[in-house]
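*Asks:* quick check, what structure comes out for this input:
(2 chains)
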Amino acid sequence: MTGAHVYASNRPGVTTQVQEAVTTVGGVAVRLFDLPGLYALQTKTPDEAVACAALLLGKADLVVNLVDAEALPRQLYLTHQLRERGLPMLVVLNRMDAFKKHGGSLCLRALSRALQCPVLACSARSGEGVEALCASIAQGPRPNGALAVTAPAARYAHIDRILSLAGYAAPSGNTDRIDRVLLHPVLGLLLFLLLFAAVLCFCIAGPVGTFSAWLAERSIDAGRAFSLWLSNHNCPTLVTTLLTDGVITGVGSVLSFMPQILLLYTFLTVMDACGYLSRSTVLFDRFLRPLHLSGRAVVPLLLGFGCSVPALQACDTLAPPSERTRTLSLVPFIPCSAKLPLLALLAVTVFRGRLSLLLLTVGAVCILGLFLFSFTGSRQRHAEQLMTVLPDYCRPGLHDVFNRLAERCRDSLWRIATVVFLAAFVISLLRAYDTSFRPAADEAASWLAVLCEPLRPVLHPLGLSEGGMPAVVVSGFFAKEAVPAMLLAGCVGQAAGLCEVLPPPAAGALLVFTFFSPPCVASLYTLFRMRHATWQCILTLALQLFFAYAAAWAVHDLFLFANIAA
Amino acid sequence: MQPTPTREWRPQPGETYDTAELPPDLAYLSCAGFVPGTRLTVLGVVGQVAVISVRGTRLAVGTELLSRLIRQEGGEG
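*Replies:* Below is the predicted model of the structure:
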């Protein structure tokens, strides 16, 4: 109705806050509040509390109660509770097309009579019924009575009577049949892991990875050619650095890895939209128990492969505070798609296709980190028993997937255009000038060398103390995408020379440190906002930094010991 | 007849149970459809998690929790 695309529900992976929009519906100016999903007015999680408070204290002129037509017997519970309070209400049965397709039937007029409020049917995906909904909202609230206040058992008994009066016949889809395979204790898990591994390999080393590496090389070539052209035309060093190292090589090389980031994100979005991601809670519950978590925590962790920010926000849907704080500590350990470019770059240059070695290293450190950090965040060592809704499988709407991708794309491009560009430009500038602000004749006399000096002894055990490597390491704290950009633009200059400056032990240490050190600025902001105990958050981040350093040191020495050569 | 759930109890797909009177710490689950006498069907079991159907809604529930939700043999729950 507003043209905005938000995903507000209490299901992990979607927005967990109130979304507000001012729009015109049927010629009337209205202010719409989109609330997280709710099953009842009794709340257990922060997102449910937000929705409940908005409903009961918000004094809305009209409550539009959006109900999934395929889960009517359960979802009418909230409708009944709201009707008991006499709130001005309009009930909208969404997904009516799927309800009818699966053999469901219902008399809307009878349902409306029984609930004593208007009831409409629509399909948000196809747009069917949305016009009637807008017209109904434009009419404003109509006086409707209130249902008698009852206890839960009596409420459900009344709902059964209402459904019977409305001639309700339950739909029957294919979900149970599909679940027999996808939720098979062995086959289901195997299929899930195979699918995930296939997508990761396809993104990093498959055609998409090769294409991205080819694009990165072209951007470096273009930067070099342009730099030469600018020098021939006596262009000032500042402008040359800005245009070549900052824009073409820095931003260009990271942009070339966008197909990988988007492909992984598409995969996660489709998994979520079709209902498969929710099934991971069942498949992984047994593996999360040793981490003192229930299966519900797997959804934020899996979303972390796409981007840490929505993954951290999804933690709001976890009920016990101990589980929520523990999951918040673990999400930064999941390699997000922004870290993929570094993995891909090192795989095709330094490690020359030995992707399995890199994946094994990252996987082992990730599991160790998850295990160790599951002891932080909360003293409670007992995971709550799992209780979660498994939605019906549905065909993901292309429009929805596209919108979510566009949102992710906008976010990535903004970060690349700001943080990555600035980092690449500043590093190149520091490298180009000496301490007396003259073009540096020798790199050892440059600002970069001087500023990196204090970090050199610290990074020496990781093999990252030479040249501008300390600056590369630091850039990862701002945005993980900045690390490959720094490697290519500011400190090395070309991918071909990477293995000479960065031997495999140092490359392994850089990879591990970047992957497991505290997350980027955007994720840190979200983390601090969601974890109210700031000192606890700082302590966890300090521990994470120490872990990343120790793990990188161990990987460096292990690769050195195993004599892994380029 | 209802089986007696124990800590090691493992429901089997296809089995049906009736919901018991909920203990006070689980009273909030009445909103989720677990009101006394409601019939639930086990659709599948993965590890310590049972996939059940209650009032037409598919839920994943830990088996330990499930054993506290269903009516036990010879008792009121």
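
*Asks:* which parts of the longest helix along chain A are buried?
*Replies:* Taking DSSP state H as the criterion, chain A has its longest helix at helix A:534-561. Buried positions in helix A:534-561, judged by neighbour count with 16 or more other CB atoms under 10 Å in any protein chain shown: A:536-537, A:540-541, A:544, A:547-549, A:551-557, A:559-560. Yep, even glycine has a C-beta here, placed from its N, CA and C like the rest.

*Asks:* tell me where chain A has strands.
*Replies:* A:19-25, A:28-34, A:63-68, A:89-94, A:119-121, A:387-389 (DSSP state E).

*Asks:* now chain B
*Replies:* B:16-18, B:39-46, B:49-54, B:57-62.

*Asks:* pairing partners for the first one, with directions?
*Replies:* Its sheet considered, strand B:16-18 pairs with strand B:39-46 (antiparallel) by DSSP bridges.

*Asks:* and residue A:147, which of the strands of chain B is closest to it?
*Replies:* Nearest to residue A:147 among these is strand B:57-62 (21.5 Å), distances taken as CB to CB.

*Asks:* hmm, who's touching that closest one?
*Replies:* A:71, A:73-74, A:175, A:179, A:281-282, A:285, A:294-295, A:385-392, B:32-33, B:43, B:48-53, B:69 (CB atoms under 8 Å, 6 or more residues apart in numbering or on different chains).

*Asks:* can I get it in PDB, CA atoms only?
*Replies:* Provided in PDB are the C-alpha atoms of strand B:57-62 (Å, rounded to 0.1, in the frame of the first residue of the first chain):
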ATOM      1  CA  THR B  57      -0.400 -25.800  12.800                       C
ATOM      2  CA  ARG B  58       2.900 -27.600  12.400                       C
ATOM      3  CA  LEU B  59       5.200 -27.100  15.400                       C
ATOM      4  CA  ALA B  60       8.700 -28.300  16.300                       C
ATOM      5  CA  VAL B  61       8.800 -29.200  20.000                       C
ATOM      6  CA  GLY B  62      11.600 -30.700  22.100                       C
END
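
*Asks:* who does that strand pair up with?
*Replies:* Under the rule (DSSP bridges), strand B:57-62 has strand A:387-389 (antiparallel), strand B:49-54 (antiparallel) as partners.

*Asks:* contacting residues around the first one?
*Replies:* Right, the one you point to is strand A:387-389. A:11, A:39, A:278, A:281, A:295-296, B:29, B:32, B:57-62, B:65.

*Asks:* hmm, back to that, how about the strands paired with strand B:57-62 in JSON lines, adding distance to residue A:427, mean pLDDT and mean neighbour count?
*Replies:* As requested, the strands paired with strand B:57-62 are arranged in JSON lines below (distance: least, CB to CB, whole Å; pLDDT from 0 to 100; neighbours: other CB atoms under 10 Å in any protein chain shown):
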{"stretch": "strand A:387-389", "distance to residue A:427": "46", "mean pLDDT": "87", "mean neighbour count": "21"}
{"stretch": "strand B:49-54", "distance to residue A:427": "49", "mean pLDDT": "93", "mean neighbour count": "23"}
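
*Asks:* out of these, which gets nearest to residue A:125?
*Replies:* strand A:387-389 (19.7 Å).

*Asks:* can you list the residues of chain B near chain A?
*Replies:* Residues of chain B lying near chain A by CB under 8 Å from any CB of the partner chain: B:28-33, B:35-36, B:38, B:43-49, B:51, B:54-62, B:64-65.

*Asks:* looking at the strands of chain A, which is closest to residue A:524?
*Replies:* strand A:19-25 (23.5 Å).

*Asks:* what comes up buried for the closest one?
*Replies:* So, applying 16+ other CB under 10 Å, buried residues of strand A:19-25: A:19, A:25.

*Asks:* just stretch A:344-359 next, same as before
*Replies:* A:344-351, A:354-355, A:357-359.

*Asks:* of the residues of chain B next to chain A, buried ones?
*Replies:* By 16+ other CB under 10 Å, the residues of chain B next to chain A give B:28-33, B:35, B:38, B:43-49, B:51, B:54-62, B:64-65 as buried.

*Asks:* tell me the contacts of residue 44?
*Replies:* All of this refers to chain A. Counted by CB under 8 Å, 6+ apart, residue A:44 has contacts A:319, B:28.

*Asks:* chain B was what I was after
*Replies:* Here residue B:44 is in contact with A:179-180, A:183-184, B:13, B:50-51 (CB under 8 Å, 6+ apart).

*Asks:* one more time with 6 Å, if that's ok
*Replies:* Residues near residue B:44 by CB atoms under 6 Å, 6 or more residues apart in numbering or on different chains: A:183, B:13, B:51.

*Asks:* all the helices of chain B, residue numbers only.
*Replies:* Under DSSP H, chain B gives helices at B:63-69.

*Asks:* low-confidence stretches in it?
*Replies:* Scanning chain B for pLDDT under 70 picks out B:1-8, B:72-77.

*Asks:* could you dump the strands of chain B to CSV with distance to residue A:22?
*Replies:* As requested, the strands of chain B are exported to CSV (distance: least, CB to CB, whole Å):
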stretch, distance to residue A:22
strand B:16-18, 50
strand B:39-46, 44
strand B:49-54, 40
strand B:57-62, 35
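
*Asks:* among the ones you listed, which is nearest residue A:203?
*Replies:* Of the strands of chain B, nearest to residue A:203 by CB to CB is strand B:39-46, at 27.8 Å.

*Asks:* off-centre distance for the closest one?
*Replies:* 8 Å (CA atoms, centre = their mean, to the nearest Å).

*Asks:* could you export that strand as CSV, CA atoms only?
*Replies:* Taking Å, rounded to 0.1, in the frame of the first residue of the first chain, the C-alpha atoms of strand B:39-46 are listed here in CSV:
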residue,chain,number,x,y,z
ARG,B,39,-5.5,-33.7,20.0
LEU,B,40,-2.0,-33.5,18.7
THR,B,41,-0.3,-35.7,16.0
VAL,B,42,3.4,-36.6,15.8
LEU,B,43,4.5,-36.0,12.2
GLY,B,44,8.2,-36.8,12.6
VAL,B,45,11.0,-37.0,15.0
VAL,B,46,14.6,-35.6,14.5
